[in-house]
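Novice: any chance you could fold what I've pasted below:
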Amino acid sequence: MFDAMHQRINQRHLILFVEIVRKGSLAKAADELAITHSAASKSLRQLEEDVGDRLLERNRAGVTLTPSGEIFYRYASASLTALRQGIDMIAQSDQHARRAVLLGALPNVAVNILPEAVARFKARHPDIQVRIVTQTNRQLLMQLRLAEIDFVVGRFAEIDEMRGLHFERLYYETMALAARPDHPVFRIAGGVTLEQITEYPLVMPPLGTVIRPEIDRFFLSRGIADLPNVIETLSVEFGRAFVSISDALWIFPRGVLQADLDAGVLREVPVDLAGTEGAVGITTRSEPGLSRVSEEMLQLVRELCLRRARNLHDKKFI
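Specialist: Residues are numbered from 1 along each chain as shown. Just a heads-up that it's a prediction; the model follows:
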């Protein structure tokens, strides 16, 4: 009976259960793991059926562990930690390490840092595969926890999303607002205001991304609670193409837009976006265990990020 039950319980069920306990809410855990609430509820029911006992009690405050749940949580949490440590130990061994580097990146870093980092790495290791995953920050952190990727390069996440992870800040980056060079916004006498900006379609990151709250907080702090015409996307290609054929304005991390601004493909709208700064860096699992080649790639990314930080600092004083 135990063997059959053990085979049915999978790692994602355990991760969901542990996350529910840590968050104190099934809904928050589902959001954290980027799955639907109904899928999370179904997985929890399946886990309780496999265990043969109720593990959680729901109430207005969220969820509480049953006596069986307290026992199960202790061992589920420990087993996940042990599993990650085992994966990390394998990765440390040159004899068994996979010949690949798997990393996650947000658009600002994928555009500015990674091309040169990967070029340098492949010059040294042409036989080693490099896989770059570009998703939302929440999805990337989930994959990092599961050891499906080695590290993530991007903005700092919310504190409650960083449990079991370590963030190394390398530089700060602000948002920029851009439009096509002949956009009517540049013909507004006396300069454009934020209220006038909201009269145009705004292209911005989707809800649930790490950078969207920074944008929303910025507008709220200026007394603008409603953005009536928004197009949400993380696609740099779509954003560039869309603003070039429309009156839309594009608010995105400066690192993504800078090359188009320098080339004259886009033009920066002169508004003060102070307060949209965000820390950019590298997120890893708290437990050590990167393979030698993954550690080498991480060091290349670190060096290029620090170089970018110096360049950004120097531009402030030009």
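Novice: now do the SS call for Val63.
Specialist: strand (DSSP: H, G, I helix; E, B strand; the rest coil).
Novice: any idea how far it lies from Phe17?
Specialist: 10 Å (C-beta to C-beta, to the nearest Å). Where C-beta positions appear, they are placed from N, C-alpha and C, glycine not excepted.
Novice: which neighbours do the two have in common?
Specialist: Leu56 (C-beta atoms under 8 Å, 6 or more residues apart in numbering).
Novice: neighbour count for these two, which is higher?
Specialist: Using other C-beta atoms under 10 Å as the criterion, Val63 and Phe17 rank with Phe17 on top: 27 against 21.
Novice: for the more buried one, what are its contacts?
Specialist: Contacts for Phe17 (C-beta under 8 Å, 6+ apart) come out as Leu44, Leu47, Leu55, Leu56, Phe72, Tyr73, Ala76.
Novice: just the ones in helices from those, please.
Specialist: Secondary structure from DSSP state H places Leu44, Leu47, Phe72, Tyr73, Ala76 of the contacts of Phe17 in helices.
Novice: redo those as a markdown table? Include distance to Glu195 and neighbour count.
Specialist: Output for these, formatted as a markdown table (distance: C-beta to C-beta, whole Å; neighbours: other C-beta atoms under 10 Å):
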| residue | distance to Glu195 | neighbour count |
| --- | --- | --- |
| Leu44 | 46 | 21 |
| Leu47 | 51 | 21 |
| Phe72 | 54 | 22 |
| Tyr73 | 51 | 20 |
| Ala76 | 52 | 21 |
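Novice: the worst-scoring helix or strand of the chain on mean pLDDT: what's the following helix or strand?
Specialist: One helix or strand of the chain scores below all others by mean pLDDT, DSSP states H and E: helix 2-8, with a mean of 49. Helices and strands here follow DSSP states H and E; after helix 2-8, the next one along the chain is helix 11-23.
Novice: what residues of that next one count as buried?
Specialist: His13, Leu14, Ile15, Leu16, Phe17, Val18, Glu19, Ile20, Val21, Arg22, Lys23 (16 or more other C-beta atoms under 10 Å).
Novice: out of those residues, which is nearest to Ala117?
Specialist: Nearest to Ala117 among the buried residues of helix 11-23, counting by C-beta to C-beta, is Ile15 at 29.8 Å.
Novice: Leu83 is in contact with that closest one, correct?
Specialist: No: contact criterion C-beta atoms under 8 Å: Ile15 and Leu83 do not qualify, at 10.1 Å.
Novice: what score does Val271 have for pLDDT?
Specialist: Here the pLDDT value assigned to Val271 is 89.
Novice: just say helix, strand or coil for the nearest residue to it once chain neighbours are set aside.
Specialist: In space, and not counting its chain neighbours, Val271 is closest to Leu177: 5.7 Å by C-beta to C-beta, 6 or more residues apart in numbering. The three-state label given to Leu177 by three-state DSSP is strand.
Novice: could you point out which residue ranges in this structure have low pLDDT?
Specialist: Filtered on pLDDT under 70, the chain yields the residue ranges 1-9, 61, 82, 84-98, 160, 288, 312-318.
Novice: and the helices in it?
Specialist: Assigned by DSSP H, the chain shows helices spanning 2-8, 11-23, 26-32, 37-51, 67-92, 107-112, 114-124, 137-145, 194-197, 212-221, 236-245, 254-263, 292-315.
Novice: and Leu273, which of those helices is closest to it?
Specialist: Of all those, helix 212-221 comes closest under C-beta to C-beta, at 6.7 Å.
Novice: and that closest one, what does it pack against?
Specialist: Packing partners of helix 212-221 (3 or more C-beta pairs under 8 Å, 6 or more residues apart in numbering; DSSP states H and E): strand 175-179.
Novice: for the strand it packs on, packing partners?
Specialist: So strand 175-179, by 3+ C-beta pairs under 8 Å, 6+ apart, packs with helix 212-221, strand 249-253, helix 254-263, strand 267-268.
Novice: can we see that at 7 Å?
Specialist: Counting by 3 or more C-beta pairs under 7 Å, 6 or more residues apart in numbering; DSSP states H and E, the packing neighbours recorded for strand 175-179 are strand 249-253, helix 254-263, strand 267-268.
Novice: quick one: contacts of that strand?
Specialist: By C-beta atoms under 7 Å, 6 or more residues apart in numbering, the residues outside strand 175-179 that reach it are 185, 215, 243, 249-254, 257, 261, 266-269, 271, 273, 276.
Novice: the residue nearest to the spatial centre of the chain: what's its closest spatial neighbour, skipping adjacent residues?
Specialist: For the chain, the residue nearest the mean C-alpha position is Asn137 (1.2 Å; C-alpha atoms, centre = their mean). With sequence-adjacent residues excluded and distances taken as C-beta to C-beta, 6+ apart, Asn137 is closest to Val210, at 3.9 Å.
Novice: thanks a lot, see you next time.
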